[in-house]
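*Asks:* what's the 3D shape of this:
(one chain, ligands or ions: 1)
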Amino acid sequence: MPAAENSRIALPVGSNLDRFIMTNQEDFPFASGELSQLIRDLAYAGKVVNREINMAGLSNITGAYGAENVQGEEQQNLDVAANIRFSRALKKGGEVAAVISEEEEDIIDLNNPRAKYIVAIDPLDGSSNIDVNVSIGTIFSIYRRLSPQGGPVQMEDVLQPGKNQVAAGYILYGSSTMFVYTTGNGVNGFTYEPTLGEYILSHPGMQMPETGKIYSINEGNYNSYPESVKKYVSLCKDRSYSARYIGSLVADFHRNMLKGGIYIYPSTSKSPNGKLRLMYECNCLAMIAEQAGGMATDGVQRVMDIKPETLHQRVPFFVGSTKMVEEASTI
Ligand code: P6P
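*Replies:* Residues are numbered from 1 along each chain as shown. So this is what the prediction gives:
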């Protein structure tokens, strides 16, 4: 496999994440090490969560936590555990001033007032799949704070449009665990080697095929789709595309990233604004998609241009191969 593209100094497959971060740190303006450390902190927390997921079936950490999150969704024990792991890692790392999380109603102020960065995170997306051993994922965005360092974090720091992201990524806890991220110079994927405790560069310079033959959408909601979405799904069927939807966004997104395809969560009767959250699901994957040559819209406009109004704002989400997203967004 070719050495990493889009990075100043190509590294051979087999390099580890730490070395990759240091080698490419100069690619990032204001490179003074804080962002590198922040990415390491996220990667470390991912290792801990990975271990807990892998042991979930043997410990009593599966199942429902017995409470609902701010979304009104039943929290799983691992949701709560993952949220704690990532929040603690980011607080201890010292590079993050505040976090917004799917699992927390309000902004989590980490009391690192000198820190430059804000993180938006879905600590464990697709968690309802945990008990049936289906792949799940962590999704994250990183922004520079806008208000003066040293002062209190402001709402303007967290409600930034996705185009302001300085980095984004996901961790896929699947048949293997992968850490995939971008700092705006392309997308690189690292496969976790548990016996070494290292993420190893396995997918340098990831590029999403410009078209594909896979569509991912919950057809159980078909009757309440907007007419344009019904029309696009019918087109996919006329073309004998493959329907692949496993109810876990990161897994569906990652497969489409590698093979080409489109994931759609449109507005439905149950979710008039779509189900997915702009700040810690859509913007993150939109940056990854665009950096890999793909596209992400809300069915009308570029997702990363949307000015957020609330922390847990939902938007319709069309993401994947550019030609497919363009067609689905203009049909
Ligand atoms: P539905 C998981 O809850 C999630 O946020 C995504 O991972 C997944 O693609 C979607 O919701 C599944 O939602 O309504 O199709 O079950």
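
*Asks:* Let's see stretch 233-244 as CSV, backbone CA atoms only.
*Replies:* Taking C-alpha atoms only, stretch 233-244 is exported to CSV below (Å, rounded to 0.1, in the frame of the first residue of the first chain):
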residue,chain,number,x,y,z
VAL,A,233,-34.2,5.1,-3.0
SER,A,234,-36.3,3.9,-5.9
LEU,A,235,-33.5,4.9,-8.3
CYS,A,236,-31.0,2.8,-6.2
LYS,A,237,-33.4,-0.1,-6.5
ASP,A,238,-33.8,0.4,-10.3
ARG,A,239,-30.0,0.3,-10.5
SER,A,240,-29.9,-2.9,-8.4
TYR,A,241,-27.6,-1.2,-5.8
SER,A,242,-26.9,-3.1,-2.6
ALA,A,243,-28.8,-2.0,0.5
ARG,A,244,-26.5,-2.1,3.5
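
*Asks:* So what touches that stretch?
*Replies:* 213-217, 219, 222, 225, 252, 255, 261, 327, 331 (Cβ atoms under 8 Å, 6 or more residues apart in numbering). C-beta coordinates here come from the backbone N, C-alpha and C atoms, glycine included.

*Asks:* Those: which two are farthest apart?
*Replies:* Longest distance between any two of those is 23.0 Å, between 255 and 331; criterion Cβ to Cβ.

*Asks:* which of the two has more neighbours?
*Replies:* residue 255 (21 against 14; other Cβ atoms under 10 Å).

*Asks:* how close does the more buried one sit to the ligand?
*Replies:* As for residue 255, its distance to the ligand is 12 Å (criterion: Cβ to the nearest ligand atom, to the nearest Å).

*Asks:* Tell me which helix or strand that residue sits in.
*Replies:* Following DSSP states H and E, one finds residue 255 within helix 249-259.

*Asks:* going on from the lowest-mean-pLDDT helix or strand in the chain, what's the next piece of helix or strand?
*Replies:* One helix or strand of the chain scores below all others by mean pLDDT, DSSP states H and E: strand 74-76, with a mean of 66. Using DSSP H and E, the helix or strand that follows strand 74-76 in sequence is helix 77-93.

*Asks:* So is that next one next to the ligand?
*Replies:* No - Helix 77-93 stays clear of the ligand (Cβ under 6 Å from any ligand atom), getting no nearer than 10.4 Å.

*Asks:* Show me what from the stretch 51-200 of the chain comes close to the ligand.
*Replies:* 125-126, 128.

*Asks:* if we go to 8 Å?
*Replies:* Selection of the stretch 51-200 of the chain residues close to the ligand by Cβ under 8 Å from any ligand atom yields 73, 122, 125-129, 136-137.

*Asks:* now those residues: which count as buried?
*Replies:* 122, 125-129, 136-137 (16 or more other Cβ atoms under 10 Å).

*Asks:* for these, which one is nearest the ligand?
*Replies:* For these, the residue nearest the ligand by Cβ to the nearest ligand atom is residue 126; the value is 3.9 Å.

*Asks:* Isn't that closest one up against residue 251?
*Replies:* Yes - assessed by Cβ atoms under 8 Å, residue 126 is found in contact with residue 251 at 7.1 Å.

*Asks:* Which neighbours do these two have in common?
*Replies:* The contact sets of residue 126 and residue 251 overlap at 134-137 (Cβ under 8 Å, 6+ apart).

*Asks:* I figured residue 179 hits residue 45, correct?
*Replies:* No - using Cβ under 8 Å, residue 179 makes no contact with residue 45, being 10.7 Å away.

*Asks:* secondary structure class for the nearest residue to residue 114 once chain neighbours are set aside?
*Replies:* What sits nearest to residue 114 in space, not counting adjacent residues and going by Cβ to Cβ, 6 or more residues apart in numbering, is residue 149, at 5.5 Å. Under DSSP: H, G, I helix; E, B strand; the rest coil, residue 149 falls in the coil class.

*Asks:* For the stretch 51-200 of the chain, give me the ranges with low pLDDT.
*Replies:* Within the stretch 51-200 of the chain, the stretches with pLDDT under 70 are 57-66, 70-76.

*Asks:* Just want the most central residue of the protein.
*Replies:* Centroid check for the chain by Cα atoms, centre = their mean gives residue 139 as the closest residue, at 2.9 Å.

*Asks:* List the backbone torsions phi and psi for that residue.
*Replies:* phi -130, psi 130 (degrees, to the nearest 10).
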